[in-house]
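> My questions concern the predicted model and sequence given below.
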Amino acid sequence: MSAGVRLLVGVVFVAFAGLNFYVVEQYGYLGFWRLVTANAATIAAMVDLTIALSLVTIWMWRDARTRGVVLVPYLLLTATLGSIGPLLYLLLRGPDAVGRRDGSGRLGAGGLRRRAASRERQAAAVEVEDAFEGAAVSGDTVAQPSDA
């Protein structure tokens, strides 16, 4: 993430955290929930926010797994304070990984493990295909696992 984008995310984080603090101070946490569920329009907005945050959480989970980041604190923040969790994750997640604009080509430890496991699976699949092709050419039968 560029310095400008990181600064923008930081400003949004501080402003939104301030708004959350103000709302909780004025209405209390339970009062906030009473207001959010007051009518169909506010419930629709809450459902929309829940869907959006669920999609963001899926992205955070995949990104954190690649980077080897513990995601639990961000999930707790997301569940209790909404967008505060993802905004903080964006601020603290570190340098971009493979496929990002920096073009570094570096993978974190999780990404390297997944790449190695994928190559192992591909090699095993090629061996199985070769065994079946060799048996078909020679007319041999390939032993099938027994149900014993």
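Here it is on my side, so go on. Because the structure is a prediction, the values reported are computed rather than measured. Numbers count the residues shown, from 1 in each chain.
> Which residue, neighbours along the chain excluded, lies closest to Leu90?
Among residues not flanking Leu90 along the chain, Val9 sits closest, at 5.0 Å (Cβ to Cβ, 6 or more residues apart in numbering). Backbone N, C-alpha and C define where each C-beta goes, glycine included.
> And for Val70, nearest residue in space, chain neighbours not counted?
Spatial nearest neighbour of Val70, excluding adjacent residues (Cβ to Cβ, 6+ apart): Ala64 at 7.4 Å.
> List the buried residues of whichever helix or strand the one you found is part of.
Assigned by DSSP states H and E, Ala64 belongs to helix 40-67. Neighbour counts over helix 40-67 (16 or more other Cβ atoms under 10 Å) mark 53, 56-57, 60, 63-64, 66-67 as buried.
> So Met46 is in contact with Asn39, correct?
No. At 10.9 Å, Met46 and Asn39 do not qualify as touching, with contact defined as Cβ atoms under 8 Å.
> Please look at Leu75 and Ser54 and confirm they touch.
No. Look at Leu75 against Ser54 with Cβ under 8 Å: they stay out of range, at 11.2 Å.
> burial count for Tyr74?
Using other Cβ atoms under 10 Å, Tyr74 has 23 neighbouring residues.
> related to what we said a few turns ago, CSV please, covering the buried residues of helix 40-67 and showing pLDDT and distance to Ala3.
Shown next, in CSV, are the buried residues of helix 40-67 (pLDDT from 0 to 100; distance: Cβ to Cβ, whole Å):
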residue, pLDDT, distance to Ala3
Leu53, 97, 26
Val56, 97, 22
Thr57, 97, 26
Met60, 96, 22
Asp63, 94, 20
Ala64, 93, 22
Thr66, 91, 22
Arg67, 90, 19
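> I'd like to know how far Ile84 sits from Leu30.
Distance, Ile84 to Leu30, by Cβ to Cβ, to the nearest Å: 18 Å.
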